[in-house]
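Student: here is a sequence with its predicted model. Questions after.
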Amino acid sequence: MSRHSPARSSGGLYLESTRAEQLGLLPGEERSIREVMTPRFATVTGGASIREAVERMYREGVSALVVCEGGRLQGLVIERDLALRAGRDDPTVADLLGPHEPLVCRDDQLVADALTMFKQHRVSAVPVVTPEGAVAGVLSAVEIA
């Protein structure tokens, strides 16, 4: 007769919860943004016309453009932004960006953090930066789903 310690088990199931369960995260939300982001991205300057931006998206096969000026991140424009402004007063990409600092997430954050930001700011995509501040990719709700 062997002596087992059946502590922390019931019916053969292990009852200790994971860190993600303790935090109330759904499956997949505990992944790092680095695991789900799209590392392939295209850039455009703020002075580019909407037409140039649309052509760039098509040529590169992307649905969002990272806007940089002088090596500094200015923001992100998505297809919807461009479609809503196309044909109006010949705007530039910079006209689509707000006056505030661009929303970003770091590649070492959790998907749960990005979801919170998406809900709070009502956005569907953001640039992803490294801890040093370099653009590493783009994260959209599509990648998370």
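Tutor: That came through fine.
Student: first-to-last residue distance for stretch 121-131?
Tutor: Terminal residues of stretch 121-131 are spaced 22 Å apart (C-alpha to C-alpha, to the nearest Å).
Student: please point out which parts of it sit buried.
Tutor: 125-129 (16 or more other C-beta atoms under 10 Å). C-betas here are computed from N, CA, C, even on glycine.
Student: what does it rub up against?
Tutor: 33-34, 37, 41, 63-64, 66, 73, 75-76, 78, 80, 102-108, 114, 117-118, 135-141 (C-beta atoms under 8 Å, 6 or more residues apart in numbering).
Student: run a quick neighbour tally on residue 73.
Tutor: 18 (other C-beta atoms under 10 Å).
Student: ugh, wrong one, residue 95
Tutor: The burial count for residue 95: 13, using other C-beta under 10 Å.
Student: ok, the one 10 residues further on next?
Tutor: Residue 105 sits with 19 neighbouring residues when counted by other C-beta under 10 Å.
Student: again, but for residue 51
Tutor: 12.
Student: element containing it, please.
Tutor: helix 50-60 (DSSP states H and E).
Student: CA atoms only: put that helix into PDB for me.
Tutor: Extracted in PDB, the C-alpha atoms of helix 50-60 (Å, rounded to 0.1, in the frame of the first residue of the first chain):
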ATOM      1  CA  ILE A  50      -4.300  60.700 -48.900                       C
ATOM      2  CA  ARG A  51      -3.900  59.400 -52.500                       C
ATOM      3  CA  GLU A  52      -0.200  58.600 -51.900                       C
ATOM      4  CA  ALA A  53      -1.100  56.900 -48.600                       C
ATOM      5  CA  VAL A  54      -3.800  54.700 -50.300                       C
ATOM      6  CA  GLU A  55      -1.400  53.800 -53.100                       C
ATOM      7  CA  ARG A  56       1.300  52.900 -50.500                       C
ATOM      8  CA  MET A  57      -1.100  50.700 -48.600                       C
ATOM      9  CA  TYR A  58      -2.100  48.900 -51.800                       C
ATOM     10  CA  ARG A  59       1.500  48.500 -53.000                       C
ATOM     11  CA  GLU A  60       2.700  47.200 -49.600                       C
END
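Student: on that earlier part again, now, which of the buried residues of stretch 121-131 sits nearest residue 97?
Tutor: Distance ranking of those against residue 97, using C-beta to C-beta, places residue 127 first at 12.0 Å.
Student: good, we can wrap up now.
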